[in-house]
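1. sequence first, then the predicted structure:
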Amino acid sequence: PEAGLRLVALMADTAATIRYDARFRPRADVLLAMIDPVLRRTGPDPSVAHYGDEAVLQAWLARCPPHVTLPDASPGEHFQHAVYDLVETLGFLVPKGAEPRAVAASLLAADLSVFGPRAADPLYPWLDPELRHILHVVLSDPSHPLRGCWPRSGRLPSALNPPDRAGAAALLGAAYAMGLAWCNLTGTPTPERGFTTAAAVVHCLTHERDDPVPGTSGTFPRHF
């Protein structure tokens, strides 16, 4: 019980921190509302842990305020957050003079282009006006400059290569999560050959390394 209470307190601290970001504030407030009764309880908390994980899940969901749409029931919100996550992982482009939001929209367009320009129609209502416009024009105009961000021959343009393996891993996770999110929102089957962007980021991880080679004092060249 003591360890569980510490975990709940950590959840409350996390929610209190991220609520300063307007994107996360609504769900952070909900999480705080779910946690507060536990933190205020002076007596024992009736536990359902011995009934298994599903029972614990349902017990927590029962604490969720009734006006809130749960994440599993809101694929649009999930997609929305996945796009913002991709933008965050592209932050390394700022010193290079690139706009992460524009690049994220272009990479989304690269994934969608396999299915034709109308594939984006269900996604537009979930994007803010700027991202919606960029996605539309990049999909509609084959000569648009932002198509220069698209992977070619299975590789990212060199300017989009993350600075290290940690950055590449973060970009891979965000790109893949975004792909799953828009597939779920649109009802599109996951592409058999994978998502264009995620597949290109995999190349960064499999053909570059910056970790020390066992038994040596140095590292392999970044390309080998």
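-> Noted; the coordinates are in hand. Residues are numbered from 1 along each chain as shown.
2. and the contacts of the longest helix belonging to the chain?
-> In terms of residue count, the longest helix belonging to the chain (DSSP state H) is helix 165-186. Outside helix 165-186, the residues within contact range by CB atoms under 8 Å, 6 or more residues apart in numbering are 75-76, 78-79, 82-83, 85-86, 88-90, 92, 107-108, 111-112, 119, 122-123, 126, 161-162, 188-191, 195, 197-198, 201-202, 204-205, 208-211. (C-beta placed from N, C-alpha, C; glycine too.)
3. buried among those residues? Need that as a selection in ChimeraX.
-> Per 16 or more other CB atoms under 10 Å, the buried members of those correspond to this ChimeraX selection:
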select :75,78,79,82,83,85,86,89,90,92,107,108,111,112,119,122,123,126,161,162,195,197,198,201,202,204,208,209
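4. for Thr196, give its distance to Val114.
-> 7 Å (CB to CB, to the nearest Å).
5. among these two, which residue is more densely surrounded?
-> Thr196 (21 against 12; other CB atoms under 10 Å).
6. chain neighbours aside, what residue packs nearest to Val48?
-> Using CB to CB, 6 or more residues apart in numbering and skipping the chain neighbours, the partner closest in space to Val48 is Ala55 (4.4 Å).
7. what's the burial count for that neighbour?
-> 13.
8. give me the element it is part of.
-> helix 53-61 (DSSP states H and E).
9. elements contacting that helix?
-> Using 3 or more CB pairs under 8 Å, 6 or more residues apart in numbering; DSSP states H and E, no helix or strand is in contact with helix 53-61.
10. off-centre distance for the worst-scoring helix or strand of the chain on mean pLDDT?
-> Sorted by mean pLDDT, DSSP states H and E, the helices and strands of the chain end with helix 53-61, the least confident at a mean of 83. Computed by CA atoms, centre = their mean, to the nearest Å, the chain-centroid distance of helix 53-61 equals 24 Å.
11. OK, contacts around Gly97?
-> No contacts exist for Gly97 under CB under 8 Å, 6+ apart.
12. name the SS class of Ala98, please.
-> When classified by DSSP: H, G, I helix; E, B strand; the rest coil, Ala98 comes out as coil.
13. next, count neighbours for the nearest residue to it once chain neighbours are set aside.
-> Among residues not flanking Ala98 along the chain, Ala159 sits closest, at 7.1 Å (CB to CB, 6+ apart). When neighbours are counted by other CB under 10 Å, Ala159 registers 12.
14. how close does Ala159 get to Ala9?
-> 44 Å.
15. with Leu93 instead?
-> 37 Å.
16. who has more neighbours, these two?
-> Higher neighbour count among Leu93 and Ala9: Leu93, with 18 against 13, using other CB under 10 Å.
17. surely the more buried one is in contact with Leu160?
-> Yes: using CB atoms under 8 Å, Leu93 is in contact with Leu160, at 7.2 Å.
18. residues shared between the contacts of those two?
-> Contacts common to Leu93 and Leu160, judged by CB under 8 Å, 6+ apart, are Val103.
19. against which helices or strands is the helix or strand His78 falls within packed?
-> For His78, the host element (DSSP H and E) is helix 75-89. Applying 3+ CB pairs under 8 Å, 6+ apart, we find helix 75-89 packed against helix 100-112, helix 165-186.
20. which residues are in contact with the nearest residue to Cys64 once chain neighbours are set aside?
-> Nearest residue to Cys64 in three dimensions, chain neighbours excluded: Met34, at 6.0 Å (CB to CB, 6+ apart). When contacts are counted by CB under 8 Å, 6+ apart, Met34 touches Trp60, Arg63, Cys64, Pro65.
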